[in-house]
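Q: Pasted the sequence and its predicted model underneath.
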Amino acid sequence: MVSDKPLKVAILWHMHQPNYEEPNSSRMVLPWVRLHATKDYLDMPLAVRKYDDVKVTFNLVPSLIDQFQLYIDGGTDRHLQLSRIRAEELGKEQRREILGSFFSCSSRHMIAPYNRYNELYRKVKDNAGDSILPSLFTSEEMRDLQVWSNLAWVDPMFRNEELVRSLFEKGKHFSEEEKHALLDWQLTLMTRIIPTYKELFEQGRIDISFTPYYHPILPLLCDSTSALEAMPGIGLPQNHFRHPEDAERQIVMSMEKFESLFGRKLKGMWPSEGAVSEEVANLLIKLGIKWSATDEEILYYSLKKSGLEPSVNPTHTVYEYGSGLKLFFRDHALSDRIGFVYSGWDTDKAVIDFVANLKNIRKRMIDQIDNAVVSIILDGENAWEYFPDDGHEFLMEMYHRLSDDPEIQMVTMTEASDSVRPRKLPSLFAGSWINHNFRIWIGHSEDNAAWDLLSHTRKVLVEFEQNNSGYDRDRIERAWQRIYIAEGSDWCWWYGDEHRGSQNEKFDRIFRQHLMAVYEYLELDIPFELQSPIIKHEDKPKALLPDTLLTPIIDGRLTHFYEWAGAGTFNCLASEVAQHRTNRFLSKIHFAYDHIRLYIRLDFVNRNDLEAIKQLSFLVTFFTPRPLSVHLSVDQDNNMCGGGAGKFEYCLGDILEVAVDRTYLWPEGFGPLGLTVTVLEDGDSLDIQPDNETIKLDVFEKDKELFWPS
């Protein structure tokens, strides 16, 4: 008889921002904690209230909660400071800074829907690069921009509150009083966040888990050589970082913070970036944590490590490691569909697809339904700005369908860990939820330099404490706090080549400032190496090779944040030649492959520059070793996508994405490869990259792939 029991679905929303606090101040480097507070941190738990049968888990990072309190106690950030300045009193450089930074959000969903904000945005874009740009805006326009850069972040749930409603209705010509009232409202709203979580937690409507205090990669704190399990050939820092006592301290501080806020013992912990190892799991067991979670790729490699067959050990259940640690493994595809795919879909279509996937899982697990649970784990904040109306319609409809379906039961992680009979997992693979490895945080020369600076500074503190037993205890504790902050994952997230952007230098500076503060607390001279940037702009470009198989969607846009994660990259702007050229079109080349096709992605210095090129086309030349070219053209009807008889396809949008069948390049479908890319105008070369060599890689035979970090 077919069971009519429901499938348990456990959703975990992870709430996290880096620690933006500048050392020894109440100023945050960037405004994202404050802006996301008005957009995500309060409305997400409040949304649960609307449906009796909706239960979810929220994972909070203690250092994020600390930053809430910093703002409540009078803290600020540069964006807030600039917003508070009377528009008539803004200097030229302040105006320029505002015009360059007050549009940092999704233009499609957070700027375009609002006429005045979009009007100001277009005016900046139309006059970009003009030296007189600051003088083109009136004081009234600058004040409206100050308001809109804050107002657009307010979640739809709060837009009926009197002040917010009146500002949306007015739309422009705001007064200084209205602007300051909005900024004060933001800070008042922040005081409601933690009490709301506490109330719903006490009512049993939500579960709350924490991450280790400053969001460190625990396996790397325990032992930096744990990176070798997933990447045996990776280059490690000069100094072996092995401090499980720091990992334990980060966990214990988190547990103490939880109990002080919620009056209960912490039961569950989402480790930063889903990073786990056997040593970390044993620490969690020792400290009394009942459950933890990571990605399903970690399960696959853990089963292999344990000598168990993945095909008969499903993702959709609970496992037990050691003496009682329950482990959940996130459904990678379904979690990423919410985080990266559904934002571009109609709400009904997206929710129907999500529920249909769950019902397919239920059918497959029907004989094990009592112990089946689907873990959906993802970022609870950043995805929503790519949905219309901050994802409000999607989230409400998803909750409605899930709570109303008799074949689905929403549960918290703790409820699932208590009710599901776990399968034993003898061994645990060391890795994170991103490509089951730690490459983002270690291995690149910049990452390794950061680890070595941290290691040396920590050693100085330990030796100083041992040799100066009578030194001011408060200063010692403050120095240790800076070490723990510097152990956070977010610094190395921005080192290396994976996440180059406009904020890298800021994160580099603040990381080094935390380490400098250690010396200041100890009244020691600050080493010269801490005063020099870790980020280096190399003259010679270097191709970083792929470290995983991946299959991007060929649609001319970054479909989701991790779509090209793990691809190889070539920085076209890194060479001395490129830095002095005026006709630069290509900024970066990405390349990867799966079992069927080779993929190439082109990023542009300025996408708008391509519009001025007559008869634009691109030429991708492959050396296998025989030369073979693929010509990609934009035709007279401005069609941006095309292909060649099943051999290749491409699409030009914000980026250019290309897929080429492997059998088109090699009869066997694998072999050595070199490639170059050329931008053409009416057949004439405008930009060729690389300009003096080829990007070289080996495409391996199916199921014989070896990925060695560059």
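A: Here it is on my side, so go on.

Q: so where's the protein shaky on pLDDT?
A: Along the chain, segments meeting pLDDT under 70 span 1-2, 537-542, 575-583, 625-626, 635-639, 645-646, 684, 691-692, 704-710.

Q: for it, longest helix please?
A: Criterion DSSP state H: the longest helix present in the chain is helix 445-467.

Q: Show me which positions of it end up buried.
A: Residues of helix 445-467 classed as buried by neighbour count (16 or more other Cβ atoms under 10 Å): 446-458, 460-461, 464. For every residue, glycine as well, the C-beta is placed using N, CA and C.

Q: relative to helix 445-467, how tilted is the helix or strand just after it?
A: Counting by DSSP states H and E, the next helix or strand C-terminal to helix 445-467 is helix 473-486. Using axes from the mean of the first three to the mean of the last three Cα atoms, to 10 degrees, the inter-axis angle of helix 473-486 relative to helix 445-467 is 160 degrees.

Q: Would you check that residue 483 makes contact with residue 460?
A: No: with contacts defined as Cβ atoms under 8 Å, residue 483 does not count as touching residue 460, sitting 10.1 Å away.

Q: Give me the residues contacting the strand or helix carrying residue 96.
A: Using DSSP H and E, residue 96 maps to helix 92-101. Under the contact criterion Cβ atoms under 8 Å, 6 or more residues apart in numbering, helix 92-101 has outside partners 79, 82, 85, 90, 124, 133, 134, 135, 137, 142, 145, 146.

Q: how big is the angle separating whatever helix or strand comes next after that helix from helix 92-101?
A: Downstream of helix 92-101, the next assigned helix or strand under DSSP H and E is helix 115-126. Orientation check (the same axes, to 10 degrees): helix 115-126 against helix 92-101 gives 100 degrees.

Q: quick one: contacts of helix 115-126?
A: Residues outside helix 115-126 that contact it (Cβ under 8 Å, 6+ apart) are 99, 103, 107, 111-112, 133, 136-137, 141, 144-145, 148-149, 152, 171-172.

Q: Pull the distance from that helix to the chain's centre.
A: 28 Å (Cα atoms, centre = their mean, to the nearest Å).

Q: coming back round to it: mind listing what's buried in the helix holding residue 96?
A: Judged by neighbour count (16+ other Cβ under 10 Å), helix 92-101 contains these buried residues: 95, 97, 98, 99.

Q: Save those residues as TSV, and put in distance to residue 593 too.
A: Listed next are the buried residues of helix 92-101 as TSV, based on distance: Cβ to Cβ, whole Å:
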residue	distance to residue 593
95	47
97	43
98	44
99	42
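
Q: so which strand or helix has the residue nearest to the spatial centre of the chain?
A: For the chain, the residue nearest the mean C-alpha position is residue 561 (7.3 Å; Cα atoms, centre = their mean). For residue 561, there is no enclosing helix or strand under DSSP H and E.

Q: how close does it get to residue 293?
A: Distance, residue 561 to residue 293, by Cβ to Cβ, to the nearest Å: 20 Å.

Q: how about the contacts of helix 115-126, which pair is most distant?
A: The largest separation in the contacts of helix 115-126, counting by Cβ to Cβ, is between 133 and 171 at 23.5 Å.

Q: Just the helices from the stretch 1-150 of the chain, written as ranges.
A: Along the stretch 1-150 of the chain, counting by DSSP state H, counting those that start in this stretch, helices occupy 32-36, 43-48, 62-72, 78-84, 92-101, 115-126, 139-151.

Q: Same question for the second one: list its buried residues.
A: Counting neighbours by 16+ other Cβ under 10 Å, one finds that the buried residues in helix 43-48 are 43, 44, 45, 47, 48.

Q: Pretty sure the first one sits against residue 157.
A: Yes: taking contacts as Cβ under 8 Å, residue 43 lies within contact range of residue 157: 4.3 Å.

Q: what sits in contact with each of these two?
A: By Cβ under 8 Å, 6+ apart, the residues touching both residue 43 and residue 157 are residue 392.

Q: Check which helices and strands the longest strand seen in the chain sits against.
A: Taking DSSP state E as the criterion, the chain has its longest strand at strand 671-681. Contacts defined by 3 or more Cβ pairs under 8 Å, 6 or more residues apart in numbering; DSSP states H and E place strand 671-681 against strand 586-593, strand 597-604, strand 616-623, strand 684-689, strand 695-699.
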